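In: Sequence and computational prediction follow.
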Amino acid sequence: MTECQLTTKDFAIVRTMLDRLAWSGGPLVALLRRKLATAQVVFSNEADPDVVTLNSRVVFSVDGGAPHTRVVTQGAVDGMVGQTIPITVPRGLALLGLRKGQSISVEGGRGATETVRVDNILYQPEATRPGISSVPDVNETAQRRFPVLVFSADDPKPLGASTKIRHISGNGDDPGPSAA
């Protein structure tokens, strides 16, 4: 079986699709079950950049034929004919979670089996986002343009007494009028 990597969002969407289509028993249902059974589920910021996720622009081929470039979408997008491939069709679902260079055999229709191969990933939305768990760079924090408010613990006050919050600005800007 071909293993795949799905983000938590993509996994939830595939799981919901299976819940809605399980009664039909068609080829899409078998592929949905196969995806869920072999999925490695990761958070969006941990998705490998060489994995197809929703809204990725992918170059793929079918049975070694000519390459196609499409954006993998959740559903059909009006006005985008020939530019998208929804995961509601076997080829689109087959692409979801695959790595660059990986292929999978799927039932295409009328009993025919085809092999879909990911040739390249031109864009993956998760790869363009900064990691949530990443530590900010020191230079990045030095260039912040917003004030940092710090509680002054140098002069502790008893409970209920009014306290001051002092404003620190490292970029030399005038802090402006006090809101207190």
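Out: On my side now, so go ahead. Residues are numbered from 1 along each chain as shown.

In: Helices of the chain, start to end?
Out: 8-21, 27-38, 90-95, 125-128, 138-142 (DSSP state H).

In: can you tell which of those helices is closest to Glu46?
Out: helix 125-128 (8.5 Å; CB to CB). (C-beta placed from N, C-alpha, C; glycine too.)

In: how about Glu3, what does it touch?
Out: Glu3 is in contact with 38-40, counting by CB atoms under 8 Å, 6 or more residues apart in numbering.

In: Next one, pLDDT for Lys164 please.
Out: Here the pLDDT value assigned to Lys164 is 59.

In: cool, Gln5 as well?
Out: On the pLDDT scale, Gln5 gets 94.

In: Can you get me a residue count around it?
Out: The local packing of Gln5 (other CB atoms under 10 Å) involves 22 other residues.

In: I'd guessed it sits against Thr38; true?
Out: No: Gln5 is beyond contact range of Thr38, at 9.7 Å (criterion: CB atoms under 8 Å).

In: Pass me the low-pLDDT residue ranges in this structure, would you?
Out: Judged by pLDDT under 70, the chain has its weakly predicted residues at 1-2, 79, 109, 130-180.

In: now the strands for it?
Out: 4-7, 39-42, 57-62, 68-73, 84-86, 103-109, 112-123, 148-151, 165-168 (DSSP state E).

In: Relative to Asp50, which of these is closest?
Out: strand 112-123 (6.1 Å).

In: Strand partners (parallel or antiparallel) of that closest one?
Out: Counting by DSSP bridges, the strands paired with strand 112-123 are strand 57-62 (antiparallel), strand 103-109 (antiparallel).

In: Render the CA-only coordinates of that strand in CSV, please.
Out: The C-alpha coordinates for strand 112-123 follow below in CSV (Å, rounded to 0.1, in the frame of the first residue of the first chain):
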residue,chain,number,x,y,z
ALA,A,112,-10.0,0.4,-15.6
THR,A,113,-7.0,0.9,-13.3
GLU,A,114,-4.6,3.8,-13.8
THR,A,115,-1.4,4.8,-12.2
VAL,A,116,-1.1,8.4,-11.0
ARG,A,117,2.4,9.8,-10.4
VAL,A,118,3.4,13.1,-8.7
ASP,A,119,6.1,14.6,-10.9
ASN,A,120,6.5,17.9,-9.2
ILE,A,121,4.9,20.2,-6.6
LEU,A,122,5.1,23.8,-7.8
TYR,A,123,3.3,25.3,-4.8
